[in-house]
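Peer 1: sequence and predicted structure below; questions after.
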Amino acid sequence: MSSVARPLPGEPSRTSSEVRLSVEQVSYAYAANPAQAPLFTLEALSFQAKPGELVAILGPNASGKSTLLRLISGELEALSGRIFLNGFATHDLPVKMRAQRIAMVQQESRLLFPSRAWEFVLQGRHPYGGGLRFESEEDIAIAGNALAQVGATHLADRWMDMVSGGEKQRIILARALAQQPLLLLLDEPTLHLDIGAQVDLLESLRRLAAENRYTVVVVTHELNLAGEYADQVVLMQRGKCLRVGPPATVLQREILEQVFQASLSVEMTATGRPRVTLFNK
Amino acid sequence: MRPLTLARLLMRCGILVAILFAVVVIALKLGAVQVSLYGLGKDLLGVLLRRSNTLSSDYGMIVLDIRLPRILLGIVVGASLSVAGASFQALLRNPLADPYVLGVSSGAALGAIVALVIEGHMNLTPELAGVITPVGAFIGAALTIAAVYVLGRREGQIDSNTLLLGGIITTSFLSAVIMFLMTTLPSNNLRGTAFWLMGDLSTPQPRSLLYLLILGFLAAAGAIYTTSSDLNLLLAGEKEAMHLGVDVPRVRIVVYLAASILTGLAVAASGVIGYVGLLVPHVMRLIFGSDHRMLLPAAALGGAIALVIADTLARTVASPTDLPVGAMTAMAGAPLFIYLLRRRLA
């Protein structure tokens, strides 16, 4: 059993620098009852991302950020348009093949029975085995390496319900890394973290994207973290994609004030990154 | 990091098998007719090692024809209920789920009684008549778990409290229907049925049912066992399991059907025995952890051990009167259940 997903016929290799993720005119509608008008619609939007790139999806609550992420992950099926990962529609991939290519870090990961951190990280190897297969030495090495990559080797033997929020988030990230994905998706990973842990996490994502050639898509509320660390920003409001592009072109005062209904200012840092400051309304 | 290996799995199961064997020997010895433990152990080893092929005639008939079938029945029923409980706990993400609490056992009992009533109105061959009860019990179990699952779902997620309440309501509704049907049974059947409902291993079962039970257990528990790594991930939720490559709908249907078969067979043979499916997986989880590759075989062996002990107590405590074994497991199980509930495991 190979440790990395075997490429599908016609799938570019991991080292290829071609466009990896391609979201093409994707729309979605959610209705509690198919006969009624949809409660939420996502209007057609498109963007592309290459290996090693970090994309941030920004927007107020209920703007469709998480829906977009779930569409990319293949969990939801688009109403129209398609999402391709290395040329294959994510929704059509069999569950196991998808899990070898796409790792999703959810808002929270609740455990029914406590497990140790290393057991939790080893779950990331499931797409490569499953059934009754016992973990190989290689799986153990990959899980250990994943813990090391997020700086959590010392947490390996701790119980998952005995670690802090920041530590837990790093272990969950390590499980995603153990999947050895091409695409790493994170839904508000900074939600319950203090500022220091938030910066740590984004630093790690930036570094991992570069080192492992992951394409990273992260949904967040943190304008400044997105401005500092993202290569591309997707700005959304009420199911509409307003702008896509580098942080400096998307995070501008007029549009942010309109989207977030707040007065703010945007300055550029020495490295050309936008920095947002909020004022009183 | 020391993940489960096949060697460790087999070693632990070997220990449990040894304990089960010891319990079986003691259970064979105990009873109204006294048998010496030393003589029995020596004779049994002789039979096992093929030095002789029968037990001493002083007690051979009692031990082999009366006690042994009952103990075998206890082993299969205990293992079935315990594996069904462990499966429901994983699938429904609820540590307090088991066939009894969820009302699945009552559903199986109702199915079995309906089958009995139907059987009374039809002229079936004896072979067919022996099979119709377990089939009715399986259908009752499967329908009940489907109903409880629908009741326990809110906004696409299973809600722990709603699920347990759904199970309680389902049980009381099914009990009412069972009572109603029981009044229509001829009175000579009534006492037997009432005893069976409480959970009872004392009624001799036709050999065909015992074989069906063993085969059904091997097939259903085997099917559940092939999904054990998937069940490990399902503990974190269906969506998360899907993102880790688990084919959730397939696992769900396999485990539902198999657990319904296990419950249906157990109930058809021995009535409604509570708490085995709830507590044994719990204890095994405390000892061996929550990896289902280890937990499921441990639960099967532990369930067998627990029920053989409970049934041995049931037939010796008030000797010569037989107590229903379901009364024994409930007396021991209910306080333990409360204790687990107080520890906020729900």
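Peer 2: Here it is on my side, so go on.
Peer 1: what residues sit buried inside stretch B:136-148?
Peer 2: By 16 or more other C-beta atoms under 10 Å in any protein chain shown, the buried positions in stretch B:136-148 come out as B:136-145, B:147-148. For glycine as for every other residue, the C-beta is placed from the backbone atoms N, C-alpha and C.
Peer 1: can you check stretch B:33-49 too?
Peer 2: Within stretch B:33-49, the residues that qualify as buried are B:35, B:40, B:43-44, counting by 16+ other C-beta under 10 Å.
Peer 1: ok, stretch A:9-25 next?
Peer 2: Buried residues in stretch A:9-25, counting neighbours by 16+ other C-beta under 10 Å, are found at A:11, A:14, A:19-24.
Peer 1: keep only those of these that are in strands.
Peer 2: Judged by DSSP state E, strands contain the following of the buried residues of stretch A:9-25: A:21-24.
Peer 1: now, which of the buried residues of stretch B:33-49 sits nearest chain A?
Peer 2: Closest approach between these and chain A, by C-beta to the nearest C-beta: B:Leu44, at 33.2 Å.
Peer 1: for that closest one, which non-adjacent residue is spatially closest?
Peer 2: Leaving aside its sequence neighbours, B:Leu44 sits nearest to B:Val25 (C-beta to C-beta, 6 or more residues apart in numbering or on different chains; 6.4 Å).
Peer 1: any idea how far that neighbour lies from chain A?
Peer 2: 32 Å (C-beta to the nearest C-beta, to the nearest Å).
Peer 1: quick check, that residue in contact with B:Leu45.
Peer 2: No - using C-beta atoms under 8 Å, B:Val25 is not in contact with B:Leu45; the gap is 9.6 Å.
Peer 1: just give me the closest of the ones in strands among the buried residues of stretch A:9-25 to B:Ile224.
Peer 2: B:Ile224 lies nearest to A:Leu21 out of those, by C-beta to C-beta, at 37.7 Å.
Peer 1: show me the beta-bridge partners of that closest one.
Peer 2: For A:Leu21, the beta-bridge partners are A:Ala49, A:Leu85 (DSSP bridges).
Peer 1: enumerate every residue touching it.
Peer 2: If you count contacts by C-beta atoms under 8 Å, 6 or more residues apart in numbering or on different chains, A:Leu21 has them with A:48-49, A:55, A:72, A:83-85, A:183, A:215, A:217.
Peer 1: next one: A:Thr153
Peer 2: A:144, A:147.
Peer 1: likewise for the one 5 residues further on?
Peer 2: Counting by C-beta under 8 Å, 6+ apart, A:Arg158 touches A:116-117, A:167.
Peer 1: and if you look at B:Ile19?
Peer 2: B:301, B:305.
Peer 1: tell me the pLDDT at it?
Peer 2: pLDDT for B:Ile19: 95.
Peer 1: outside of stretch A:141-152 itself, list whatever touches it.
Peer 2: Under C-beta under 8 Å, 6+ apart, the answer for stretch A:141-152 is A:3, A:117-118, A:121-122, A:124-125, A:153, A:155-156, A:167, A:170-171, A:173-175, A:177-178, A:180, A:204, A:208, B:1.
Peer 1: in helices, which of those residues fall?
Peer 2: A:117-118, A:121-122, A:167, A:170-171, A:173-175, A:177-178, A:204, A:208 (DSSP state H).
Peer 1: thinking again about what came up before, tell me the buried residues within the contacts of A:Leu21.
Peer 2: With burial judged by 16+ other C-beta under 10 Å, the buried subset of those is A:48-49, A:55, A:72, A:83, A:85, A:183, A:215, A:217.
Peer 1: contact partners for B:Glu238?
Peer 2: Shown in contact with B:Glu238 (C-beta under 8 Å, 6+ apart): B:Val248.
Peer 1: quick check: phi and psi on it?
Peer 2: With angles defined as degrees, to the nearest 10, B:Glu238 sits at phi -70, psi -40.
Peer 1: kindly report the same for the one 5 residues further on.
Peer 2: Its backbone dihedrals place B:His243 at phi -70, psi -20, with angles given as degrees, to the nearest 10.
Peer 1: what is the neighbour count of it?
Peer 2: For B:His243, the number of neighbouring residues by other C-beta atoms under 10 Å in any protein chain shown comes to 27.
Peer 1: cool, B:Arg153 as well?
Peer 2: Other residues near B:Arg153 number 15, with proximity taken as other C-beta under 10 Å.
Peer 1: number of nearby residues for the residue in the stretch 51-200 of chain B that chain A sits nearest to?
Peer 2: Minimum separation of the stretch 51-200 of chain B from chain A (C-beta to the nearest C-beta) falls at B:Arg93, amounting to 5.4 Å. If you count neighbours by other C-beta under 10 Å, B:Arg93 ends up with 21.
Peer 1: can you tell me how far the residue in the stretch 151-300 of chain B that chain A sits nearest to sits from A:Tyr128?
Peer 2: Residue of the stretch 151-300 of chain B nearest chain A, by C-beta to the nearest C-beta: B:Gly245 (3.1 Å). Per C-beta to C-beta, to the nearest Å, B:Gly245 is found 8 Å from A:Tyr128.
Peer 1: okay, and the common contacts of these two?
Peer 2: A:Gln100.
Peer 1: secondary structure element holding B:Ala259?
Peer 2: Using DSSP states H and E, B:Ala259 sits in helix B:248-270.
Peer 1: chain center to that helix, what's the gap?
Peer 2: In this view, helix B:248-270 has its centroid 11 Å away from the chain centroid, taken as C-alpha atoms, centre = their mean, to the nearest Å.
Peer 1: helix or strand right after that helix?
Peer 2: helix B:276-288.
Peer 1: ok, that following helix near chain A or not?
Peer 2: Yes - legend: contact between helix B:276-288 and chain A by C-beta under 8 Å from any C-beta of the partner chain is shown at B:Arg285.
Peer 1: what's the spacing between the residue sitting furthest away from the middle of chain A and B:Ala137?
Peer 2: Using C-alpha atoms, centre = their mean, the residue of chain A lying farthest from its centre is A:Ala35. It sits 32.9 Å away. Distance of A:Ala35 to B:Ala137, computed by C-beta to C-beta: 40 Å.
Peer 1: do the same with B:Gly60
Peer 2: Taking C-beta to C-beta, one finds B:Gly60 at 34 Å from B:Ala137.
Peer 1: can you give me the strands for the stretch 101-250 of chain A?
Peer 2: Using DSSP state E, counting those that start in this stretch, the strands of the stretch 101-250 of chain A run over residues A:102-105, A:183-187, A:215-219, A:232-237, A:240-245.
Peer 1: CSV for those, including mean pLDDT and distance to B:Gly78?
Peer 2: Converted to CSV, these look like this (pLDDT from 0 to 100; distance: least, C-beta to C-beta, whole Å):
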stretch, mean pLDDT, distance to B:Gly78
strand A:102-105, 92, 40
strand A:183-187, 92, 44
strand A:215-219, 93, 49
strand A:232-237, 92, 56
strand A:240-245, 88, 59
